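> Curious how this folds, go ahead:
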Amino acid sequence: MILRRDFKDKSKFTIITFWENIDAIKQFAGEDYEKAKYYEVDKDYLLGFPEKVEHYRITSCG
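Numbers count the residues shown, from 1 in each chain. Okay, here's the model as predicted:
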């Protein structure tokens, strides 16, 4: 899920992904699964590079 908020001179995007469990996240991101993972092309689009990501549990839907 990609959320977009537009400002006068830029846009902010929030990307929400859904994972089966923490182990699935660790398979993708490594043991330090809270450390943000970036790709080479990201430098062409991002204004900032936070060091950490945030994980949440879904407590209700709908």
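> Please count neighbours and contacts with C-alpha atoms only from this point.
Will do.
> What distance do you get for Asn21 to Ile58?
Distance, Asn21 to Ile58, by C-alpha to C-alpha, to the nearest Å: 11 Å.
> Count the neighbours of the nearest residue to Ile15 once chain neighbours are set aside for me.
Using C-alpha to C-alpha, 6 or more residues apart in numbering and skipping the chain neighbours, the partner closest in space to Ile15 is Ile2 (4.6 Å). By other C-alpha atoms under 10 Å, 8 other residues sit near Ile2.
> How about the contacts made by the residue nearest to the spatial centre of the chain?
Nearest to the geometric centre of the chain sits Ile15, at 5.2 Å (C-alpha atoms, centre = their mean). Residues near Ile15 by C-alpha atoms under 8 Å, 6 or more residues apart in numbering: Met1, Ile2, Leu3.
> Dump these to CSV, plus pLDDT and distance to Phe28.
Below are the contacts of Ile15 laid out as CSV (pLDDT from 0 to 100; distance: C-alpha to C-alpha, whole Å):
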residue, pLDDT, distance to Phe28
Met1, 95, 18
Ile2, 96, 19
Leu3, 97, 22
